[in-house]
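Participant: Any chance you could fold what I've pasted below:
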Amino acid sequence: MPLLPSPQIISLKRLTAFLYDILVDSFDFDGLYAYLNKQLPAYANPLFLRVQTNVETTTTFKYTKGRLVEDGYDPKKIKDAFYFRSVDESKYIPLDE
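Facilitator: Numbering: from 1, shown residues only. Purely as a prediction, here's the structure:
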């Protein structure tokens, strides 16, 4: 597993992108990496991808972010599929314990 950058280095504005309701086994993460790399400047590419099966909302349909913030990017806390953008390997690689 690659070493994760220190939290002080990571810009929180580009920390995680969320994908909702996709089939992880058949999704083209390499294609997504190539597409984002081509369409966005390096600083705008998400470092992490988190695949969620459901999105928690309030009664007024606003996204709840409290649990997501608490989880951070610790693979031990996250139950969803979680991927790290590896520039060395030019792809998103799964993170697990």
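
Participant: starting at the chain centroid, how far to the helix ranked longest in the chain?
Facilitator: In terms of residue count, the longest helix belonging to the chain (DSSP state H) is helix 29-39. Mean C-alpha position of helix 29-39 versus that of the full chain (C-alpha atoms, centre = their mean, to the nearest Å) differs by 14 Å.

Participant: Now the most centrally placed residue in the chain: closest residue in space that isn't a chain neighbour?
Facilitator: Centroid-nearest residue in the chain, with C-alpha atoms, centre = their mean: Leu49, separated by 1.7 Å. Nearest non-adjacent residue to Leu49, counting by C-beta to C-beta, 6 or more residues apart in numbering: Tyr83, 4.2 Å away. Placement of C-beta: from N, CA and C, glycine included.

Participant: Shouldn't that neighbour be within a strand?
Facilitator: Yes. Applying DSSP: H, G, I helix; E, B strand; the rest coil, one finds Tyr83 inside a strand.

Participant: Now do the helices in the protein.
Facilitator: 29-39, 66-71.

Participant: circling back to that earlier point, pull up the gap between the residue nearest to Leu49 and Val69, please.
Facilitator: Distance of Tyr83 to Val69, given as C-beta to C-beta, to the nearest Å: 19 Å.

Participant: what does Lys91 give?
Facilitator: For Lys91, the distance to Val69 (C-beta to C-beta) stands at 27 Å.

Participant: So which of the two has more stuff around it?
Facilitator: Counted by other C-beta atoms under 10 Å, Lys91 and Val69 do not tie: Lys91 has more neighbours, with 17 against 9.

Participant: Show me what the more buried one is bridged to.
Facilitator: Ser86 (DSSP bridges).
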